[in-house]
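In: Model the structure of this input:
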Amino acid sequence: MSRAKGDVAEDRACAFLLENGFLIIERNFYSRFGEIDIIAIKDKVIHFVEVKSGLDYESAIQNITKTKLSRLIKTGYVYLKKNALNVDYMYDALIVTPQKIWYLENITI
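Out: Below you'll find the model as predicted:
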């Protein structure tokens, strides 16, 4: 996927999160392990959000691999340590298609 398409999907994801009571803290946080697309907070819980887009749900969700999830988790730990945060947190995914957005909460369980 091109960076431009990814940016559109992330913009839609941010709008979805804001409409659902989240506050966006940061976008595109990088560490040596990888990137977190969106970091948001709601009800005193930090949400590390992976955004995947595609023409349909199945094609998008398949891109959340075991390796991708491992990198997301490591990068989340870097963010927490870098900012000296001792808060509740979880890893979520937003699947963005032309028709709909699916919010998958706590994908590491």
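In: And the helix-or-strand element of the chain with minimal mean pLDDT, what's buried?
Out: The weakest-scoring helix or strand in the chain, judged by mean pLDDT, DSSP states H and E, is helix 3-19 (a mean of 87). For helix 3-19, the neighbour count (16 or more other Cβ atoms under 10 Å) marks 6, 9, 10, 12, 13, 14, 16, 17 as buried. Where you see a C-beta, it was placed from the backbone N, CA and C, and this is true even at glycine.
In: same for it, what does it pack against?
Out: strand 23-30, strand 35-42, strand 45-53, strand 88-96, strand 101-104 (3 or more Cβ pairs under 8 Å, 6 or more residues apart in numbering; DSSP states H and E).
In: so the residue in the chain sticking out farthest from the centre, which of the three states?
Out: In the chain, residue 84 marks the outermost C-alpha relative to the chain mean, sitting 20.4 Å out by Cα atoms, centre = their mean. Here residue 84 is coil, with the state taken from DSSP: H, G, I helix; E, B strand; the rest coil.
In: returning to that earlier point: could you export the helices and strands packed on helix 3-19 as JSON lines, including mean neighbour count?
Out: JSON lines is the format used below for these (neighbours: other Cβ atoms under 10 Å):
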{"stretch": "strand 23-30", "mean neighbour count": "14"}
{"stretch": "strand 35-42", "mean neighbour count": "19"}
{"stretch": "strand 45-53", "mean neighbour count": "22"}
{"stretch": "strand 88-96", "mean neighbour count": "20"}
{"stretch": "strand 101-104", "mean neighbour count": "16"}
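In: As a markdown table, these with distance to residue 67 and mean pLDDT would be great.
Out: Below are the helices and strands packed on helix 3-19 laid out as a markdown table (distance: least, Cβ to Cβ, whole Å; pLDDT from 0 to 100):
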| stretch | distance to residue 67 | mean pLDDT |
| --- | --- | --- |
| strand 23-30 | 17 | 97 |
| strand 35-42 | 13 | 97 |
| strand 45-53 | 12 | 97 |
| strand 88-96 | 14 | 97 |
| strand 101-104 | 18 | 97 |
